[in-house]
Every structure is written in structure tokens, then in C-alpha cells.
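# Quick one, fold the following:
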Amino acid sequence: MSPASRDDTVPVRAAVHPAGHAVLRGGRASFLVHRRAVAVAAVLAVLLACAVVAYLCVGESFVAPVEVVRVLFGRPSPDELVVGTLRLPRLVVGLLAGAAFGVAGALVQTVARNPLASPDVIGVTHGAGAATVAAMSFGAVGYGALPYVSVGGGVAAALLVYSFAWRRGLNSSRFVLVGIGVSVALGSLTQLFLTKGDYLVAQQAKVWLTGSLNGRGYEEARPLALVLLVGVPVALWAARAQRGASFDDDTATALGVRLDRVRLGLTAFGVVLASVATGAAGPVDFVALLAPQVARRLTRTAQIPLLSSALTGALVVVVADLLARRLFSPIELPVGVLTAVVGAPYLMWLIVRTRSRTGGISS
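Prediction:
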């Protein structure tokens, strides 16, 4: 969804665009809406609602869907402890983290103009992870401050990648390759922190590094929810700015787009989202890579749809965590293991597909 034009006199109405769009006008604002994107977002929302109910129903003890709905609407239920206290807080973290990873991946891929670019591939989540593991291993801050430490680490990693990749412009191939190199270096630094810190804390950090929602609750969800809420106006701006950022440098400059500022704003928002999500749920790999591309293929839009990316990311995390809890019960796997099982083959397929089309990694 992106602003299309302005009209001070036309009341709220929809005009069908010949290319399958609808123009919604109201007062001074108007928005160009891709009808297929709206339909896909609606279907994803329904699927996500079904996944939420299934997540709250399934566990060591099965809870009837009727009781789940009663708890969600705040009505008295004998399953309040199981649903409302044990399962719901973990679900909320998964939903918010998945949505944040989905939007972050969409923004980074838009800036890089490369489907291989995502916060976990170019080093952002590795930077957030290294900073968080260092804080956990050496007891530098309290547990509640870890999301803020993650933001600092993610921003530092993004600045490092951006500075090395910038050469009179941002080349997508160089951006991805520099990011992969920074990711490897930060992974080695994380392992160093694990060997130097307290043994018990290091074991907890290793579990966190795999991306796990076990033990997560409203304390971890609060900072992430705040960032997402404050970021709604930024997301509306980003939906419009994506159109200019997707052009090459010469075309964007000719159209009067302040490309450097737009790219910086989109990247900064994506880095903050990915970093806070990493602090809340750990580095859940490949969600930020997978969700935007799935959303784009479903909607068939020129730009990566942010709303569908958020819904796809949330759906992937919720379903993956449900399978992680029940697939090998009573053993519980970290959710990051399940997302990696799906995401790693997809990444290899994407690399092979890109190389076969262009002879190398390109936008």
C-alpha cells in the first residue's frame, strides 16, 4: 500500500485501476492499493488466526478450541492457567518476533535489491547476538535490558557492513558478500565470548543462540511490541519509500528521489526491528530471508509487501514453534532449528537460481 495522489475535495471512495489496483481517496490523502495484495493479506490473517488457536490448543494437555476462545476474550475458563499463563505469553513473543523479522527482511532486501539479503545473512542478527551473548556471559546488564543491548549490537554490525560495502553507491553483490564476511567474523567472536564467560550462563546463551521461545513471556514481548507500535507510521512511510529505493541509482536520481536518505531510513528501521526481535526470541534464522520472498511471490507485486511479509513471518514462527514443541515430544526443539531446516535449503536454491540466471550473485 502506498500513497498515490492528493485530492482535497473528493470523499472517501475506491476507484478501480486498470492494472488491478484500487485508489482509495479521503480528504488530503489517497492510497494505491493492490487488490491481490489485500486478498493475500486477508488469507494470511485467517491462516494465522487458525495457527494461533491450534498453538493454544495443542500441548501436553489438549484444550478445546471453545475454551481457548473463552480465555482470549477474558471469560472464565478452567483452562486459564494452561492457555493464559503458560502458552499465551510465549505465543505473543513468537507472533511479534516473526512479524518484526518479516518486515526487517523486506526492508533490507528492498535496499539491497537482492533476495539473498536479509538481517541474518548480512550480519545484523549476528551483531545483535554477539552483543547479547557478551552481556549474558559477563553479566554486564540485567536480563530485562538484553533487547536494548541487541539493538546496539545490530546497529553496530549494520554500520560496519554499510561502511565496507559503500563505494560511490551501494552495490547489491558487494553488500551481500561483505555482510556474509561480517557474519562469519561476528560468529567467531560470539564463540569466544562463550568460552570466556561463566559455564552455566554460556550454556543458556547457547540455547538462546539457536532461537528459542522457551521461557519467553510478556517481559520480552513488551519492548518488541513498543517498537512495532511506534514503527507503524514509519512502516507507512516505508511502504511509499520502497518504490523509489527499488530503482537503480540513475533512475531514482532522475526522478528526484533522495536515494541515500531513503535507503538509510529503510535500513535503520529494518535493523532496529531485527535487533529487537533477536533480543526477544534469539536469532531465529531464515525467517527474515524467507517471509518477504514468499509474500512477494504470493502477491505478485513489484515491491515487497510489508503487511504480507509481517503476516508470513508471524505464521512461519508460530507454526515452526508448534512443531518444535510437539514433533519430538517430550523433547522440545528450539524454534530456530525448524526454521533453519526449511530456510537453509531455500537459501541454497535461491543462490543456484540466481547464479543460473545472471552468472553470479546480483540484484
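# For the nearest residue to residue 64 once chain neighbours are set aside, the count of nearby residues, please.
Of all residues not flanking residue 64 in the chain, residue 57 sits nearest, at 7.2 Å (Cβ to Cβ, 6 or more residues apart in numbering). All C-beta atoms are positioned from the backbone trio N, CA, C, and that covers glycine. As a burial measure, residue 57 scores 19 neighbours (other Cβ atoms under 10 Å).
# Quick check, residue 279 in contact with residue 152.
No: Residue 279 lies out of contact with residue 152 (Cβ atoms under 8 Å); the separation is 9.8 Å.
# Looking at these two, which one has more neighbours?
Per other Cβ under 10 Å, whichever of residue 279 and residue 152 has more neighbours is residue 279, with 29 against 16.
# Enumerate every residue touching the residue nearest to the spatial centre of the chain.
Nearest residue to the geometric centre of the chain (Cα atoms, centre = their mean): residue 101, 1.0 Å. Remark: with contacts taken as Cβ atoms under 8 Å, 6 or more residues apart in numbering, residue 101 is in contact with 119, 273-274, 277, 284, 287-288, 291, 313, 317.
# got those residues as JSON lines, with secondary structure columns?
Compiled in JSON lines, these are given as follows (DSSP: H, G, I helix; E, B strand; the rest coil):
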{"residue": "119", "secondary structure": "coil"}
{"residue": "273", "secondary structure": "helix"}
{"residue": "274", "secondary structure": "helix"}
{"residue": "277", "secondary structure": "helix"}
{"residue": "284", "secondary structure": "coil"}
{"residue": "287", "secondary structure": "helix"}
{"residue": "288", "secondary structure": "helix"}
{"residue": "291", "secondary structure": "helix"}
{"residue": "313", "secondary structure": "helix"}
{"residue": "317", "secondary structure": "helix"}
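# from those residues, which is closest to residue 223?
Lowest distance from residue 223 to the contacts of residue 101 (Cβ to Cβ) belongs to residue 277, with 9.9 Å.
# who does the helix or strand where residue 49 lies touch, helix- and strand-wise?
Using DSSP states H and E, the element containing residue 49 is helix 35-57. Contacts defined by 3 or more Cβ pairs under 8 Å, 6 or more residues apart in numbering; DSSP states H and E place helix 35-57 against helix 65-72, helix 88-112, helix 287-299, helix 306-326.
# Same list, those helices, but as CSV with mean pLDDT please.
Shown next, in CSV, are the helices and strands packed on helix 35-57 (pLDDT from 0 to 100):
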stretch, mean pLDDT
helix 65-72, 91
helix 88-112, 93
helix 287-299, 91
helix 306-326, 93
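# Which stretch among those is buried most, on average?
Each of the helices and strands packed on helix 35-57 was scored by mean neighbour count; the highest is helix 88-112, a mean of 28, by mean count of other Cβ atoms under 10 Å.
# and the closest residue to residue 186 other than its chain neighbours, how many neighbours?
Nearest residue to residue 186, sequence neighbours excluded (Cβ to Cβ, 6+ apart): residue 126, at 4.0 Å. Residue 126: 29 surrounding residues under other Cβ under 10 Å.
# ok, residue 126 to residue 181 distance?
Here the distance between residue 126 and residue 181 works out to 11 Å (Cβ to Cβ, to the nearest Å).
# Likewise for residue 349?
22 Å.
# quick one: which of the two has more around it?
Comparing residue 349 with residue 181 by other Cβ under 10 Å, the one with more neighbours is residue 181, at 14 against 10.
# The helix or strand where that one lies: what's the following helix or strand?
Residue 181 is part of helix 172-196 when elements are defined by DSSP H and E. Downstream of helix 172-196, the first helix or strand assigned by DSSP H and E is helix 199-209.
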